[in-house]
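# everything below, folded, please.
(chains A and B)
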Amino acid sequence: GESVGLHLPTLSVQEGDNSIINCAYSNSASDYFIWYKQESGKGPQFIIDIRSNMDKRQGQRVTVLLNKTVKHLSLQIAATQPGDSAVYFCAETPFSGTYKYIFGTGTRLKVLA
Amino acid sequence: EAQVTQNPRYLITVTGKKLTVTCSQNMNHEYMSWYRQDPGLGLRQIYYSMNVEVTDKGDVPEGYKVSRKEKRNFPLILESPSPNQTSLYFCASSLAGQGRRYTFGSGTRLTVV
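Reported below is the predicted structural model:
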């Protein structure tokens, strides 16, 4: 498959455990944040988003937490499954006025059987 | 199925030989963008288009051209490819307005020798 990063930080998690992937964002003006999942050989796929007027948002098995004080974003995956193995990116942008995204370099999640 | 289609998936070419990577979306999205992905650098925006006949430079536009003659298509043109344009390229599209979630294509792996 395609290699999206030879030296990405890697998180190894046992199947069934919870995963937490972290992201530090750079721009204080950013008020919309997205997590993407990129499987080998595929393009990034939307997982969940959050606006800056929220601290937490939940989806199916995923939760995003936003700490604006320290400019930190995290993605929590409950009951991690083999299909969750992928590279995860955060992206930030102002919610309106620009289409400019800033993408993080990503974290590789490996799920151990 | 709603999707962004890129062609080709893989391309090996020689320095200086003009090439075009096609991108088409079937979701009636106004906004389209091209990114390149390199190890350790994340996704970097090349060009974007906010609608038909409206295009603008991203962060790394040198050596690339784009056009947006139809809403669904956004080809990426390399007039004289060089080895430093060897990369993984992604086309993405989204609706205009707030809360823009990209849909990405599957990627084009370009090697310039």
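
# from now on I want contacts and neighbour counts done on CA atoms only, so please keep to that.
Noted.

# which element is A:Ile50 on?
A:Ile50 is part of strand A:45-51 when elements are defined by DSSP states H and E.

# given that strand, what are its sheet partners and their directions?
Its sheet considered, strand A:45-51 pairs with strand A:32-38 (antiparallel) by DSSP bridges.

# okay, now residue 25: neighbour count?
No chain in the question, so chain A it is. By the criterion of other Cα atoms under 10 Å in any protein chain shown, A:Tyr25 has 20 neighbours.

# was after chain B, sorry
Other residues lying near B:Gln25 total 23 when counted by other Cα under 10 Å.

# show me the contacts for the residue nearest to it when sequence neighbours are not counted.
Excluding the flanking residues, the one nearest B:Gln25 by Cα to Cα, 6 or more residues apart in numbering or on different chains is B:Val4, at 4.4 Å. Contact analysis of B:Val4 by Cα atoms under 8 Å, 6 or more residues apart in numbering or on different chains lists B:23-26, B:91-93, B:103-106.

# mind running it again at 7 Å?
With contact set as Cα atoms under 7 Å, 6 or more residues apart in numbering or on different chains, B:Val4 has these partners: B:23-26, B:92, B:103-105.

# for A:Asp49, see how far away the residue nearest the centre of chain A is.
By Cα atoms, centre = their mean, chain A has its centre lying nearest to A:Trp35, at 3.7 Å. Distance, A:Trp35 to A:Asp49, by Cα to Cα, to the nearest Å: 6 Å.

# A:Ile50 contacts A:Tyr32, doesn't it?
Yes: in this structure, A:Ile50 is within contact of A:Tyr32 by Cα atoms under 7 Å, at 6.0 Å.

# for A:Ser52, grab the count of nearby residues.
Counted with other Cα under 10 Å, A:Ser52 comes out at 16.

# correct me, but it touches A:Ala29?
No: counting by Cα under 7 Å, A:Ala29 is not a contact partner of A:Ser52; they are 9.9 Å apart.

# common neighbours of those two, please.
Counting by Cα under 7 Å, 6+ apart, nothing touches both A:Ser52 and A:Ala29.

# is the strand ranked longest in chain B up against chain A anywhere?
In chain B, with assignment by DSSP state E, the single longest strand is strand B:42-51. Yes: counting by Cα under 7 Å from any Cα of the partner chain, contacts between strand B:42-51 and chain A involve B:42-43.

# ok now that strand, how far from the chain's centre?
How far strand B:42-51 lies from its chain's middle: 7 Å, per Cα atoms, centre = their mean, to the nearest Å.

# tell me the strands beside that strand, with direction?
Strand B:42-51 is paired, per DSSP bridges, with strand B:31-38 (antiparallel), strand B:54-57 (antiparallel).

# deepest of these, which one?
Greatest average neighbour count among these goes to strand B:31-38 (a mean of 24), per mean count of other Cα atoms under 10 Å in any protein chain shown.
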